[in-house]
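Trainee: let's see this in three dimensions:
(4 chains)
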Number of protein chains: 2
Amino acid sequence: MESKRGYHHGDLRNALLAATTELVRERGARGFSVSEAARRAGVSSSAPYRHFSDREAMLAAAALVGFHALGERFSSLPDERAFEARAAWIAVSYLRFAQEDPARFETMFASGIDKSRHEDLMRQAVVVQALLEAALGPFLDPAELVDRAAELWSLAHGVATLVLQGNLQHVVDAGRVESLAESAARSWAAGVASAQR
Amino acid sequence: MESKRGYHHGDLRNALLAATTELVRERGARGFSVSEAARRAGVSSSAPYRHFSDREAMLAAAALVGFHALGERFSSLPDERAFEARAAWIAVSYLRFAQEDPARFETMFASGIDKSRHEDLMRQAVVVQALLEAALGPFLDPAELVDRAAELWSLAHGVATLVLQGNLQHVVDAGRVESLAESAARSWAAGVASAQR
DNA sequence: GATCTGATGTGAGAGGTTCTTACATCGGAG
DNA sequence: CTCCGATGTAAGAACCTCTCACATCAGATC
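Mentor: Residues are numbered from 1 along each chain as shown, chains lettered A, B, ... in the order given. Okay, here's the model as predicted:
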């Protein structure tokens, strides 16, 4: 499409972003290098610094895309009428999100990005939290909504990270991981519900 | 004590390990470098490779120490007679472990170590799981013990990692994080207990 | 006691990285 | 049509990991 380029690329920022996600998928966030991304985009190794201040900024940009995708996933959820079912759906969805693209998940949460240096990332993390609150809102006392949403997020996040890093490898076999997430979420939700009454 | 050394250090491996944990504490796992560790131990930059095959191996060794410490923490727990109290104690302890030395926790779980390359690490992760199983054993059906322990670990781990990475920063203020962990664990335990009956 | 040897440390260096700085190019506003 | 700001390049400083040939020395062996 934009094969023959002259001195200027035309869409380098996006090309670099694509190269970044591809590279991270192949080699992990640690294996990612600005040089290699530049190489793949066909530009010199200093060109990326016109578009990103930092190596970290490139990863942060990729992570931001990931956070948007995660947000999207939670923005329209099936209208489960039961609290427990909804909690379970959220936890399982989160786990699937992590498993279907581990590199993306790693970039978002385990690439060592200093979130305080990237407010856009911070904001998008808050959006995720807000979506969870919206999802649980109909079932909970507003006074505890924030905490409960954070708890569910924590639970789902814990399952996802432990699994992805292989900490449960010799404990729960791969096929049953989803049901573990579901069971954990259901237990939690049941406990929450029983305390409310 | 071992101030004046000649050509040979005498205890380089340990000195390097100490330098590693110190360095990680200062600069994070990503900021750690073999060269700098060598410098601090007062040896040449190639000396560490006599004791560790890899940069990763140094981090793995430090992580292993961390896993031992975590194991220790769970090996003797107060004899709470109530299931929910014990679950809460575990979650809160885990969170404290993470917060009292974030660098150690980061090394253990977010430094990008390939666990499959370090069976000692893998084994120690299994030990942690086993300790959790032992702690919950008295209260649970043996058939579901493994899964339940993994669920609790996940929950605690999720809280710890989200907090340490600042994802809950604008959601739950720092002082209330422990009570969030406790509340989450209690809810989960209550749900588990109610399903057992 | 002298020697030999394996473990441990050194120096140099190949090849990689991030990021900066001075300069080159070019599209579009005036 | 000009010129200027945005975007590219080339070169290089300062790191990094890891390897290889060589130096040193403590302790086992004769």
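Trainee: please make it C-alpha for all contacts and neighbour counts, starting now.
Mentor: Noted.
Trainee: ok, whichever residue of chain A sits closest to DNA strand C to A:Gly42 distance?
Mentor: Among the residues of chain A, A:Ser33 lies nearest to DNA strand C; the distance is 3.2 Å by C-alpha to the nearest atom of the strand. Using C-alpha to C-alpha, to the nearest Å, A:Ser33 is found at 14 Å from A:Gly42.
Trainee: and stretch A:116-131, what's its mean pLDDT?
Mentor: Averaged across stretch A:116-131, the pLDDT comes to 95.
Trainee: gap between it and the chain center?
Mentor: Relative to the centre of its chain, stretch A:116-131 is centred 11 Å away, using C-alpha atoms, centre = their mean, to the nearest Å.
Trainee: with stretch A:184-193 instead?
Mentor: 23 Å.
Trainee: return the set of buried residues in the helix or strand containing A:Arg25.
Mentor: For A:Arg25, the element it lies in under DSSP states H and E is helix A:12-31. If you call a residue buried by 16 or more other C-alpha atoms under 10 Å in any protein chain shown, then helix A:12-31 has these buried ones: A:12-13, A:15-25, A:28-30.
Trainee: restrict the residues you listed to contacts with chain B.
Mentor: Filtering the buried residues of helix A:12-31 for proximity to chain B by C-alpha under 8 Å from any C-alpha of the partner chain leaves A:Arg30.
Trainee: would you state the helices of chain A in chain order?
Mentor: Under the criterion DSSP state H, chain A contains helices at A:12-31, A:34-41, A:55-75, A:83-100, A:102-109, A:119-136, A:142-164, A:177-196.
Trainee: can you list the domains in chain A?
Mentor: For chain A, automatic domain parsing gives the domain ranges A:1-52, A:54-196.
Trainee: could you tell me the least trusted of these?
Mentor: Lowest mean pLDDT of the domains of chain A: domain A:1-52, a mean of 90.
Trainee: distance of A:Phe74 relative to A:Ser187?
Mentor: 21 Å.
Trainee: phi, psi for A:Ala82 please.
Mentor: For A:Ala82, the backbone dihedrals (degrees, to the nearest 10) come out as phi -100, psi 140.
Trainee: burial count for it?
Mentor: Number of residues near A:Ala82 (other C-alpha atoms under 10 Å in any protein chain shown) recorded here: 10.
Trainee: mind giving me the packing neighbours of the helix holding A:Arg25?
Mentor: helix A:34-41, helix A:55-75, helix A:102-109 (3 or more C-alpha pairs under 8 Å, 6 or more residues apart in numbering or on different chains; DSSP states H and E).
Trainee: for these, which one sits closest to chain B?
Mentor: Closest approach to chain B among these (C-alpha to the nearest C-alpha): helix A:102-109, 7.6 Å.
Trainee: what packs against that closest one?
Mentor: Where contact means 3+ C-alpha pairs under 8 Å, 6+ apart, helix A:102-109 is packed against helix A:12-31, helix A:55-75, helix A:83-100.
Trainee: with only the CA atoms kept, save the shortest one in CSV.
Mentor: This points to helix A:83-100. The C-alpha trace of helix A:83-100 is given here as CSV (Å, rounded to 0.1, in the frame of the first residue of the first chain):
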residue,chain,number,x,y,z
PHE,A,83,-24.6,-11.6,40.8
GLU,A,84,-22.5,-14.7,41.0
ALA,A,85,-22.9,-15.5,37.3
ARG,A,86,-21.8,-12.0,36.4
ALA,A,87,-18.8,-12.1,38.7
ALA,A,88,-17.8,-15.5,37.2
TRP,A,89,-18.2,-14.1,33.7
ILE,A,90,-15.9,-11.2,34.5
ALA,A,91,-13.2,-13.4,36.1
VAL,A,92,-13.2,-15.9,33.2
SER,A,93,-13.2,-13.1,30.6
TYR,A,94,-10.3,-11.5,32.3
LEU,A,95,-8.4,-14.8,32.3
ARG,A,96,-9.2,-15.4,28.6
PHE,A,97,-8.0,-11.9,27.8
ALA,A,98,-4.7,-12.7,29.4
GLN,A,99,-4.4,-16.1,27.8
GLU,A,100,-5.3,-15.2,24.3
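Trainee: got the angle between it and helix A:119-136?
Mentor: Helix A:83-100 and helix A:119-136 are oriented at 150 degrees to each other (axes from the mean of the first three to the mean of the last three C-alpha atoms, to 10 degrees).
Trainee: helix A:83-100 vs chain B: in contact?
Mentor: No - for helix A:83-100, no contact with chain B is found by C-alpha under 8 Å from any C-alpha; the gap never falls below 10.5 Å.
Trainee: DNA strand D contacts on chain A?
Mentor: A:7-13, A:42-48, A:50-51 (C-alpha under 7 Å from any atom of the strand).
Trainee: now the residues you listed: which count as buried?
Mentor: A:Leu12, A:Arg13, A:Val43, A:Ala47, A:Pro48.
Trainee: could you save the helices and strands packed on helix A:12-31 as JSON lines and add columns showing mean neighbour count?
Mentor: Shown next, in JSON lines, are these (neighbours: other C-alpha atoms under 10 Å in any protein chain shown):
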{"stretch": "helix A:34-41", "mean neighbour count": "20"}
{"stretch": "helix A:55-75", "mean neighbour count": "19"}
{"stretch": "helix A:102-109", "mean neighbour count": "23"}
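Trainee: which positions in chain A make contact with DNA strand C?
Mentor: For chain A, the contact set with DNA strand C under C-alpha under 7 Å from any atom of the strand comprises A:6-8, A:32-36, A:45-46, A:49, A:53-56.
Trainee: apply 10 Å and report the result again.
Mentor: A:5-10, A:30-39, A:44-50, A:52-58 (C-alpha under 10 Å from any atom of the strand).
Trainee: A:Ala174 - how many residues pack around it?
Mentor: A:Ala174 has 12 neighbouring residues, counting by other C-alpha under 10 Å.
Trainee: typo on my end, it should be A:Gln196
Mentor: Residues near A:Gln196, counting by other C-alpha under 10 Å: 10.
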